[in-house]
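# after the sequence you'll find the predicted model.
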Amino acid sequence: MLRIIKKTLQIGVITEKIPTQTASTIIMPQLDDDLEKIGIQVKLEICRCFAGSLAIRQVDAGSCNGCELEIHALNNPYYAIERFGIHFVASPRHADLLLVTGPVSRHMQTALLRAYETTPHPKLVAAVGTCAHDGGEFGISYASCGAVNNVIPVDAIIKGCPPTPLELMLGILTLIRQK
């Protein structure tokens, strides 16, 4: 332990200096024009179709969690998807849209079917990522059902490995417009 402390003291601090920022840039970062344009379009479509609010239930059917990280990024302060009328719910009984990620593993097949059946009508389903679209590198095997549409009907596919938050918003926008 003393050896590690001695080495740390010899090397010193080697991190970069913190850039100086004004209070306004720390609280509200500069947003991309594309993000704002897509967000406004999403909000208008949600007001038209869902009376102002879209509830999403995200279901991990056996993914590597890459898509989940991008979905979680939608809730960070930069994207702040809730300001456009989209929020995530804990129960499929309260959801309008199921975002399903990953190839459907055999262990998650029943849970995904149950989530789909308990989602009230009219329900929308989006398969997020390459694995949810076609099974990815896992395909169909003794442990995997493959694509989400092998288990439940899918209304839209958001491609990417993983799709960026902006691509996710575009996918949600196109799905709502199809409704």
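Structure received.

# can you get me a residue count around the residue nearest to Thr164 when sequence neighbours are not counted?
In space, and not counting its chain neighbours, Thr164 is closest to Glu70: 6.2 Å by C-beta to C-beta, 6 or more residues apart in numbering. For glycine as for every other residue, the C-beta is placed from the backbone atoms N, C-alpha and C. Counted with other C-beta atoms under 10 Å, the neighbours of Glu70 add up to 22.

# and if you look at the one 5 residues further on?
Around Asn75 sit 15 other residues, with neighbours defined as other C-beta under 10 Å.

# part of a helix, is the residue nearest to Thr164?
Yes. Counting by DSSP: H, G, I helix; E, B strand; the rest coil, Glu70 is part of a helix.

# kindly provide the distance from it to Asn76.
11 Å (C-beta to C-beta, to the nearest Å).

# name the residues contacting each of the two.
Counting by C-beta atoms under 8 Å, 6 or more residues apart in numbering, Glu70 and Asn76 have no common neighbour.

# what is the rounded mean pLDDT of the helix or strand containing Ile38?
In the assignment (DSSP states H and E), Ile38 maps to helix 33-50. Averaged across helix 33-50, pLDDT comes to 88.

# given the following helix or strand past it, what are its sheet partners and their directions?
Going down the chain from helix 33-50, the next helix or strand is strand 54-60, by DSSP H and E. Strand 54-60 pairs in its sheet with strand 86-88 (parallel), strand 97-101 (parallel), by DSSP bridges.
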